[in-house]
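Q: Just need the structure, nothing else, for what follows:
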Amino acid sequence: MPTAVSSTEAPPSASRRTSWLREQRRAVGDVGPLLRFRAASVRGRSRTALVLVTSTMLALTVVAAWFPAFLPEGDERRSDVLLLLPSGYVGVLVIAMISAAASGGGRELLPREQGVAYPVSATTDHLGALLMAPLNIAWIVQAWTLLGATAYVVGPRWTLPLALAPTLIWLAAATAIAQVAAWTIEWIRRGYRGVLTVRLITIALALGLGLLIVTDNLVKVLDKSPTVRILFGVLYGADAQVWPWLQVVAALLAITLVAVSLGAIAAGAVVRRPARDELREESSVREARGNPTSDFVALLRTDRVAIWRSVPLRRGLAVLALLPGLVALAGGLDWLMLSILPGLVASGGALLFGVNAWCLDGRGALWRDSVPVSPRLGFASRAVVLMEVLLLVTTLTLLMGAVRAGEPTLSRVLAVVCCGIVVTIQVVATALRWSVKAPFAVDLRSARATPAPPVVMVGYSARLAFSTTLTGMVFGVATFAPWYWSLLLSVPFVLFSTRKLISTSNAWADPETRSRVVATVAS
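A: Predicted structure coming up:
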């Protein structure tokens, strides 16, 4: 067979010189059309809501970066915040890395099933994940906190924009570095004995963190972190020292560009390796279990395995249970602050899948809807399983946090326990209402998929975080009251959430509503 170069092919030498650059230019150019493709799917009232949410977020970001500079606090308080800023920079990077690693590299610009018909390069996928990373309430809150702390330290000066520039660039750099770490971990995980290797690395890091906490060396390590240079850049900008400020800004920009490039290379390496743990789970064979004793038990089994046999959901729930607990353990949070954790953990668990609970069935929703059982029974099964999962991860977090929370009196323990139960029921009721009201077709087999579009997830997470934080603050006050106040406070919350669950169950029992949900998630 002839091997000569055809008229449509470039010479081999020229191809080697230009192919890589041509691929990268094409990958960068593909990002814009794909973003417009995603935006085109938003129509009608949703488009208006998108514009409103985006404008509100931008306005709040400007306020967070400007208003704290005018707070009338003394120099001593500003000095305390100044000393904590380098640790805040490290915290942003660590949380971004853990979040990205748990989700397998970031968010998908194009769902996996659509990528079969419309393949995009790994570089395009990586760049899209970077652009979509800020569409996350945790990322937004961290950005607001850092910008506000920087403005508070600098004060009302005309050089405030210069001082904020290093912080803004660091947010971009930390996001890019986190993606590099996430793609690298995913590459290791997909290699030979990769899952075991990643687990050993995780255990070693956890033991190292525990050793630093036990020996009281964590603060010393944070004080010597390279992020102190970012603080110098902030102070140079505040004092209008342009040349040193430019050096810091240029270094941060260089780090960002290098991290973006390395992330593209790592993403390409990941694509060339199969997802071993997901494929093993989907192709495994299990022995048949005994017949269930009732229809409800059969539905419970089906709903439980939909969660616990999903590698991405197991991974996300493990991180959600351990990360807040480790933070509480490292910070030695007292019982008042510990009452905030159940709401945050329950909200995070619901955001993994609960806000679009029926998407777990996928095409199997057509079969589930044809099973001759009461639809209310299926709704109850989904609610019970979601509640079980949230209570499990919340309990693990609280047990870790209680180790250094102080004296465990009856009033404190009961307030935190009641808070955990109340916010779990509250989150389940809200999440299932959203699942029935606004379903989405999502393939959650991908470790990087979200149960709803990113902009919708920002709204969901903000509303859940706001309501559960307020509930946690109420029960935090109850830690100082007699023990029976926690029980009395729980009654109205539980009754209100139960009423919401009953209302959503009635809506699910309506054939027209149920058909709309099933047709959406199975499409």
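Q: which residues of the stretch 351-500 of the chain fall in helices?
A: Under the criterion DSSP state H, counting those that start in this stretch, the stretch 351-500 of the chain contains helices at 364-370, 375-401, 410-437, 454-478, 484-509.
Q: Give me the neighbour count for the nearest residue to Asp239 once chain neighbours are set aside.
A: Counting by C-beta to C-beta, 6 or more residues apart in numbering, Thr159 is the residue found nearest to Asp239 once chain neighbours are left out, at 7.2 Å. C-beta here means a position set from N, CA and C on the backbone, and glycine is covered the same way. If you count neighbours by other C-beta atoms under 10 Å, Thr159 ends up with 17.
Q: Need the per-residue pLDDT for Thr159.
A: Per-residue pLDDT puts Thr159 at 87.
Q: likewise Gly104?
A: Predicted confidence (pLDDT) for Gly104: 55.
Q: returning to that earlier point: could you double-check that the residue nearest to Asp239 lies in contact with Val242?
A: No: when contacts are counted by C-beta atoms under 8 Å, Thr159 is not listed as touching Val242 (9.9 Å).
Q: and the residue most central in space within the chain, how far is that from Val92?
A: Compute the mean C-alpha point of the chain, and by C-alpha atoms, centre = their mean the closest residue is Ser99, 5.6 Å away. For Ser99, the distance to Val92 (C-beta to C-beta, to the nearest Å) stands at 11 Å.
Q: Show me what counts as buried in the helix or strand hosting Arg514.
A: Here Arg514 is covered by helix 511-521, with elements defined by DSSP states H and E. By neighbour count, with 16 or more other C-beta atoms under 10 Å as the criterion, the buried positions of helix 511-521 are 513-514, 517-518, 520-521.
Q: now it, how far from the centre of its chain.
A: Remark: helix 511-521 is offset 28 Å from the chain centroid, using C-alpha atoms, centre = their mean, to the nearest Å.
Q: before we move on, the earlier item: correct me, but the residue nearest to the centre of the chain touches Ala178?
A: Yes: using C-beta under 8 Å, Ser99 is in contact with Ala178, at 7.3 Å.
Q: ok, for Leu162, nearest residue in space, not its chain neighbours?
A: Counting by C-beta to C-beta, 6+ apart, the residue nearest Leu162 is Gly237, at 3.4 Å.
Q: give me every residue that touches that neighbour.
A: Residues near Gly237 by C-beta atoms under 8 Å, 6 or more residues apart in numbering: 159, 162-166, 245.
Q: Throw those into TSV and include secondary structure and distance to Arg368, thanks.
A: Below are the contacts of Gly237 laid out as TSV (DSSP: H, G, I helix; E, B strand; the rest coil; distance: C-beta to C-beta, whole Å):
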residue	secondary structure	distance to Arg368
Thr159	coil	61
Leu162	helix	58
Ala163	helix	56
Leu164	helix	51
Ala165	helix	53
Pro166	helix	53
Trp245	helix	60
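Q: wait, which of those residues is closest to Ile421?
A: Taking C-beta to C-beta as the measure, Ile421 lies nearest Leu164 of the contacts of Gly237, at 42.1 Å.
Q: quick one, what contacts the closest one?
A: So Leu164 contacts 65, 147, 150-151, 154, 234, 237 (C-beta under 8 Å, 6+ apart).
Q: Kindly report the same for Val427.
A: By C-beta under 8 Å, 6+ apart, the residues touching Val427 are 343, 346-347, 349-350, 354, 390, 464, 468.
Q: Distance of the spatially closest residue to Thr469 that is not a sequence neighbour relative to Ala465?
A: The shortest distance from Thr469 to any residue other than its chain neighbours is 5.7 Å, reached at Gly343 (C-beta to C-beta, 6+ apart). The gap separating Gly343 from Ala465 is 7 Å, by C-beta to C-beta.
Q: With Leu501 instead?
A: For Leu501, the distance to Ala465 - C-beta to C-beta - is 21 Å.
Q: ok so, going back, run through the residues that contact the residue nearest to Asp239.
A: Residues near Thr159 by C-beta under 8 Å, 6+ apart: 237-240.
Q: and of those, the nearest to Ala266?
A: Among the contacts of Thr159, and counting by C-beta to C-beta, the member closest to Ala266 is Gly237, at 32.3 Å.
Q: so the closest one is in which element?
A: Assigned by DSSP H and E, Gly237 falls in helix 228-238.
Q: if we can go back for a sec, can you lay out the contacts of Gly237 as a markdown table showing distance to Leu444?
A: Below are the contacts of Gly237 laid out as a markdown table (distance: C-beta to C-beta, whole Å):
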| residue | distance to Leu444 |
| --- | --- |
| Thr159 | 47 |
| Leu162 | 44 |
| Ala163 | 42 |
| Leu164 | 38 |
| Ala165 | 39 |
| Pro166 | 38 |
| Trp245 | 45 |
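Q: So which of those is the closest to Gly325?
A: Pro166 (32.2 Å).
Q: Many thanks, have a good one.
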